[in-house]
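Asker: Got a sequence here, can you model it:
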Amino acid sequence: CRQLWTSHTAAEGVFRSVFLLLIGSHGIHVVAALLALAWVISSSGLGRETATAMRVCSMFWHFLGVAWLALFTALFLL
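Answerer: Alright, predicted model coming up:
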């Protein structure tokens with residue numbers, strides 16, 4: 001297992017760094033999405049106005065769509 005994470009060339013080190021950066025950012029986005037969803041559910045369950053919570057969630061998902069397009073373009077089209 002140690003051989004998988006020990007880079008032998010500079011290209012392998014860069015690949016590993018970018019891979020871990022993408023995995024880490026994906027994990028952060030998953031946690032943020034779950035927190036936003038919990039906020040919307042708790043707001044609606046308590047009878048509060050949910051427009052603000054839903055607007056924030058909508059902006060978050062639109063941001064993810066733009067981020068996905070940018071990553072796809074950078075990784076697969078360039």
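
Asker: Can you pull the poorly scored residue ranges out of the chain?
Answerer: 1-11, 47 (pLDDT under 70).

Asker: What segments of it are strands?
Answerer: Shown for the chain, no strands are assigned by DSSP state E.

Asker: Tell me where the longest helix sits in it.
Answerer: Longest helix in the chain, counting residues (DSSP state H): helix 10-45.

Asker: Enumerate the positions of it that are buried.
Answerer: 36, 39, 43 (16 or more other C-beta atoms under 10 Å). The C-beta positions use only the backbone N, C-alpha and C, and glycine is treated the same way.

Asker: From residue 49, how far off is the last one?
Answerer: Spelled out, that is residue 43. Applying C-beta to C-beta, to the nearest Å, the value for residue 43 to residue 49 is 7 Å.

Asker: same question, residue 32
Answerer: Applying C-beta to C-beta, the value for residue 32 to residue 49 is 22 Å.

Asker: Same check on residue 70?
Answerer: Distance of residue 70 to residue 49, computed by C-beta to C-beta: 33 Å.

Asker: same deal with residue 12?
Answerer: Taking C-beta to C-beta, one finds residue 12 at 52 Å from residue 49.
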